[in-house]
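S.K.: coordinates only, sequence not included:
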């Protein structure tokens, strides 16, 4: 084998290995975008994993949002009743992009491909890359004192 052929062959092999690695790390359109548990609370078994937010220092104004423990928390109304908040998965089911609350349009939007969802998890707009997404998981909420708790089931 001549040197040019060897270099071309080596380059092609490296390109294939790199492409495979990149494709593996890019995410998938899998049906299980379950958030990673965390953010406090215990739980397990039939009760589900708990993710807590301190309402004394977080989500203080209507329209405020934060991601914690794989959950996107959004304040949609005044007061500290569970009905004043929404909790969904924090990553887009399409390819795992971070989700953000866009109060001006009243939608949850993916930062990666601009998929849009309602606060009930329904799809408003598919990703702008030609792919498709699925509805968001929405979690049950409870308030105890100044602690907002989402139960991931």
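M.R.: That came through fine. The shown structure was predicted, so the numbers you read here are calculated from the model rather than taken from an experiment.

S.K.: Show me the strands in the chain, by range?
M.R.: 49-54, 65-68, 71-75, 85-89, 99-102, 107-110, 116-117, 123-125, 140-144, 147-152 (DSSP state E).

S.K.: Give me the helices and strands touching the last one, please.
M.R.: Read that as strand 147-152. strand 49-54, strand 71-75, strand 140-144 (3 or more CB pairs under 8 Å, 6 or more residues apart in numbering; DSSP states H and E). C-beta: built from backbone N, CA, C; applies to glycine.

S.K.: any chance of these in JSON lines, with mean neighbour count, mean pLDDT and distance to residue 62 too?
M.R.: Shown next, in JSON lines, are these (neighbours: other CB atoms under 10 Å; pLDDT from 0 to 100; distance: least, CB to CB, whole Å):
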{"stretch": "strand 49-54", "mean neighbour count": "22", "mean pLDDT": "96", "distance to residue 62": "15"}
{"stretch": "strand 71-75", "mean neighbour count": "25", "mean pLDDT": "97", "distance to residue 62": "6"}
{"stretch": "strand 140-144", "mean neighbour count": "14", "mean pLDDT": "97", "distance to residue 62": "16"}
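
S.K.: As TSV, those with distance to residue 102 would be great.
M.R.: Shown next, in TSV, are those (distance: least, CB to CB, whole Å):
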stretch	distance to residue 102
strand 49-54	20
strand 71-75	10
strand 140-144	21
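
S.K.: Which one, of these, ends up nearest to residue 120?
M.R.: strand 71-75 (11.8 Å; CB to CB).

S.K.: Okay, now the sheet partners of the closest one, with direction.
M.R.: Within its sheet, strand 71-75 is paired with strand 65-68 (antiparallel), strand 85-89 (antiparallel), according to DSSP bridges.

S.K.: Check residue 139 and give its pLDDT.
M.R.: Note for residue 139: predicted pLDDT of 97.

S.K.: which regions of the protein lie under the pLDDT threshold?
M.R.: In the predicted model of the chain, residues 1-47 satisfy pLDDT under 70.

S.K.: about what we covered before: could you export the strands of the chain to TSV, including columns for distance to residue 134?
M.R.: Formatted as TSV, the strands of the chain follow (distance: least, CB to CB, whole Å):
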stretch	distance to residue 134
strand 49-54	21
strand 65-68	19
strand 71-75	16
strand 85-89	11
strand 99-102	13
strand 107-110	12
strand 116-117	10
strand 123-125	7
strand 140-144	20
strand 147-152	17
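
S.K.: Perfect, I'm done here.
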